[in-house]
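Peer 1: Structure of the sequence below:
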Amino acid sequence: MYSEVAATPATELASWVSAQPGFGAAVAGSFETYPDWQAGWILDSMEFQYLGGRQVVVFMAYQTTAPNTRYLQYFNPLTGQMTAWSKVVG
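Peer 2: Residues are numbered from 1 along each chain as shown. Next comes the predicted model:
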């Protein structure tokens with residue numbers, strides 16, 4: 001659940017990915033955070049194993065004033081396109 005106090009951005013990304021088809025384990029040491037991504041927003045990213053031996057970076061963005069509402073996006077190697085931002089509310 002995204003609103004758990006003990007959750008970290010890395011565990012939230014891993015939790016979301018675990019429910020998505022095609023994704024596997026996180027790539028060790030791949031978590032990054034960008035606190036000044038855009039004014040008032042934080043962007044986190046983490047790489048995960050994906051079908052066919054690929055690795056995919058998943059991005060999670062959230063406003064500093066509304067941290068329980070997150071948006072997730074990744075490059076889908078099966079379609080060759082970025083997915084639309086998916087809104088996830090804690």
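
Peer 1: what bridges to Arg70?
Peer 2: Tyr62, Val88 (DSSP bridges).

Peer 1: separation between it and Pro77?
Peer 2: Counting by C-beta to C-beta, to the nearest Å, the gap from Arg70 to Pro77 is 23 Å. In short, each C-beta sits where N, CA and C put it, glycine included.

Peer 1: can you check Val58 too?
Peer 2: Counting by C-beta to C-beta - Val58 and Pro77 are separated by 12 Å.

Peer 1: Show me which of these two is the more surrounded one.
Peer 2: Val58 (23 against 14; other C-beta atoms under 10 Å).

Peer 1: Now the helix or strand that one falls within - C-alpha only, CSV.
Peer 2: Assessed by DSSP states H and E, Val58 sits inside strand 54-63. Extracted in CSV, the C-alpha atoms of strand 54-63 (Å, rounded to 0.1, in the frame of the first residue of the first chain):
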residue,chain,number,x,y,z
ARG,A,54,15.7,-6.6,-20.7
GLN,A,55,16.0,-4.0,-18.0
VAL,A,56,13.4,-1.2,-17.7
VAL,A,57,13.6,2.0,-15.7
VAL,A,58,10.4,2.9,-13.8
PHE,A,59,9.9,6.5,-12.8
MET,A,60,7.7,7.8,-9.9
ALA,A,61,6.9,11.5,-9.5
TYR,A,62,5.1,13.3,-6.8
GLN,A,63,4.5,16.8,-5.5
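
Peer 1: From the contact counts, what lies against it?
Peer 2: On a contact count with 3 or more C-beta pairs under 8 Å, 6 or more residues apart in numbering; DSSP states H and E, strand 54-63 meets helix 9-18, strand 41-50, strand 66-76.
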